[in-house]
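Student: no sequence for this one, just the structure:
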């Protein structure tokens, strides 16, 4: 009898705690959101990640019944914005839409103010975006082979811009695989970088299709190749980098949503359900395709496993490109 009483005495608090946690999560889900939700974009306005975030935020505001406000935090390649979310209360009112740099940063930075895997709750991957190798019209090269020859003949003359490690590392990989030298000029976001690329202050870059395609169509930039392993449905006449002279080259970028670690599963599932429904809507997918992106929409578990694999993948690419953490 005493054994039974002792067992009940020892397990009862744990049962109460478990039931309490489940009840709190259920209540949070039922009442969520009760106020505006902040969606952090860790880059400057005007880039591909920002554009997608605003498209999602507009529709998510309608379905959740509360404003979803985009908050741009462009600093240190997404680290500042990510740190804000990692340290935010896990109540669902601070979320983040990241790009590939989220998984690249561990390979290029000796220390981060958060743990990329442990400090974030995966919600869903939103999209995959193709990359374009583009040049300013003043660059006297109309193909990848001509560009490689030009760069080898002028190793100190040209530079490239990048909006984040997500676009810098693909260019560094291109340099490594093609045996060329190009000076790197980093920017805090796609918007500022594209302004200088259009103005000729930087002469080239491997950039996200969302920001590049309108400029290519207008004739202000020249697209030499697609970074992905397949051609773009929007620009079908542009070859891939691999087809155009660098066999084996492949690079693309992605976007996805996270919340802080310990975010209640009920809230994760609710946001996941709504965002996946949004990105898989026919008109949303069509608009994304026009911009050079493909909608995804994955489960939280699939997204978490994808991030783990991406961290390993980009670490290997950084090593191939000869880049060391700074």
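Tutor: Done, it's in. These numbers come from a predicted model, not from an experiment.

Student: what ranges do the helices span in this protein?
Tutor: Taking DSSP state H to define them, one finds helices in the chain at 2-31, 48-64, 79-86, 101-108, 144-153, 165-178, 190-199, 209-218, 241-244, 265-279, 282-290, 300-320.

Student: how about those in TSV, adding mean neighbour count and distance to residue 258?
Tutor: Where C-beta positions appear, they are placed from N, C-alpha and C, glycine not excepted. TSV is the format used below for these (neighbours: other Cβ atoms under 10 Å; distance: least, Cβ to Cβ, whole Å):
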stretch	mean neighbour count	distance to residue 258
helix 2-31	11	17
helix 48-64	20	13
helix 79-86	21	7
helix 101-108	24	8
helix 144-153	17	35
helix 165-178	24	15
helix 190-199	20	20
helix 209-218	20	20
helix 241-244	21	30
helix 265-279	19	10
helix 282-290	14	20
helix 300-320	16	8
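
Student: got TSV for those helices, with distance to residue 132 and mean pLDDT too?
Tutor: Shown next, in TSV, are the helices of the chain (distance: least, Cβ to Cβ, whole Å; pLDDT from 0 to 100):
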stretch	distance to residue 132	mean pLDDT
helix 2-31	41	49
helix 48-64	11	95
helix 79-86	25	96
helix 101-108	18	93
helix 144-153	12	98
helix 165-178	10	92
helix 190-199	11	92
helix 209-218	5	90
helix 241-244	10	96
helix 265-279	22	98
helix 282-290	14	92
helix 300-320	18	93
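
Student: Need those helices in JSON lines (columns: distance to residue 114).
Tutor: Output for the helices of the chain, formatted as JSON lines (distance: least, Cβ to Cβ, whole Å):
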{"stretch": "helix 2-31", "distance to residue 114": "23"}
{"stretch": "helix 48-64", "distance to residue 114": "19"}
{"stretch": "helix 79-86", "distance to residue 114": "4"}
{"stretch": "helix 101-108", "distance to residue 114": "10"}
{"stretch": "helix 144-153", "distance to residue 114": "37"}
{"stretch": "helix 165-178", "distance to residue 114": "16"}
{"stretch": "helix 190-199", "distance to residue 114": "23"}
{"stretch": "helix 209-218", "distance to residue 114": "27"}
{"stretch": "helix 241-244", "distance to residue 114": "33"}
{"stretch": "helix 265-279", "distance to residue 114": "18"}
{"stretch": "helix 282-290", "distance to residue 114": "29"}
{"stretch": "helix 300-320", "distance to residue 114": "13"}
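
Student: Of those, which is nearest residue 122?
Tutor: With Cβ to Cβ, the closest approach to residue 122 among those belongs to helix 300-320: 4.0 Å.

Student: Tell me how this protein divides into domains.
Tutor: Domains of the chain are assigned by automatic domain parsing as 36-128+252-320, 130-244.

Student: Tell me the span between the first and last residue of the first one.
Tutor: Separation of the first and last residues of domain 36-128+252-320 by Cα to Cα, to the nearest Å is 44 Å.

Student: From the rest of the structure, what touches stretch 257-272?
Tutor: Contacts to stretch 257-272, defined as Cβ atoms under 8 Å, 6 or more residues apart in numbering, come from residues 24-26, 28-29, 32, 60, 85-92, 94-98, 118-124, 126, 275, 299-300.

Student: try 7 Å this time
Tutor: Residues external to stretch 257-272 that are found in contact with it (Cβ atoms under 7 Å, 6 or more residues apart in numbering): 25-26, 28-29, 32, 85-86, 88, 90, 92, 94-98, 118-124, 126, 275, 299-300.

Student: what's the spacing between the closest residue to residue 220 other than its chain neighbours and residue 259?
Tutor: Spatial nearest neighbour of residue 220, excluding adjacent residues (Cβ to Cβ, 6 or more residues apart in numbering): residue 198 at 5.5 Å. From residue 198 across to residue 259, the span is 36 Å (Cβ to Cβ, to the nearest Å).

Student: ok, now how distant is residue 295 from residue 256?
Tutor: 12 Å.

Student: neighbour-wise, which of these two wins?
Tutor: The residue with more neighbours, out of residue 295 and residue 256, is residue 256; 26 against 20, by other Cβ atoms under 10 Å.

Student: any idea how far the residue lying closest to the more buried one once chain neighbours are set aside lies from residue 209?
Tutor: What sits nearest to residue 256 in space, not counting adjacent residues and going by Cβ to Cβ, 6+ apart, is residue 125, at 4.1 Å. As judged by Cβ to Cβ, residue 125 and residue 209 stand 17 Å apart.
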